[in-house]
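A.B. asks: coords please:
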Amino acid sequence: MRRTLGALALTLTLAFSLAACAPTSADPVEVDETTVLLDVRTPGEFAEGHLDGAINIDVQSADFEAQLGRLDPDVPYIVYCRTGNRSGQAIDRMEAFGFADLSNAGSLESAASATGIPIVTD
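C.D. replies: Residues are numbered from 1 along each chain as shown. You can find the predicted model right below:
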């Protein structure tokens, strides 16, 4: 019984810690004609649904940095993924490459809600 309660406590602690790391985007995010919507999930996830007009660069791909080299670091980016974890990783890597105007919109659903941009499929 004591071991079960300890495992439950550990599980709850980890769940709350992970939830605290995932951004939520309740506030609207301003999007204008220069804003780039960047989906950093896998191409398969992107094909299942993404923000209309988004580009897809998989943050876990071997050539992520090379693909960043083709982007303009001086325009605003709204970055999203499935939960907000990979978009946070992508933003960290983008900042190291000189990108400055970056917003982590969290999950696809949070990004759609914050921007008002619909989710579309290929």
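A.B. asks: for stretch 96-112, measure first residue to last.
C.D. replies: 27 Å (CA to CA, to the nearest Å).
A.B. asks: how about that stretch, which residues are buried there?
C.D. replies: 99, 102, 103, 104, 105, 106, 107, 108, 110, 111, 112 (16 or more other CB atoms under 10 Å). Using the backbone N, CA and C atoms, a C-beta is placed for each residue, glycine as well.
A.B. asks: now stretch 61-74
C.D. replies: Buried-residue list, stretch 61-74, by 16+ other CB under 10 Å: 64, 68, 71.
A.B. asks: and stretch 115-122, by the same measure?
C.D. replies: 115, 117.
A.B. asks: can you give me the strands for the protein?
C.D. replies: Secondary structure of the chain (DSSP state E): strands at 36-39, 50-51, 55-56, 77-81, 102-107, 119-120.
A.B. asks: go through the ones you listed and name the closest to residue 90.
C.D. replies: If you check each of the strands of the chain against residue 90 by CB to CB, strand 77-81 wins as the nearest, at 5.5 Å.
A.B. asks: and the contacts of stretch 76-95?
C.D. replies: 21-24, 29, 31-32, 34-41, 45, 51, 54, 57, 59-60, 64-65, 68, 71, 73, 99, 101-108, 110-111, 115 (CB atoms under 8 Å, 6 or more residues apart in numbering).
A.B. asks: ditto for stretch 39-56
C.D. replies: In contact with stretch 39-56 (CB under 8 Å, 6+ apart) are residues 36-38, 57-60, 79-82, 86-87, 89-90, 108, 111-112, 115, 117-122.
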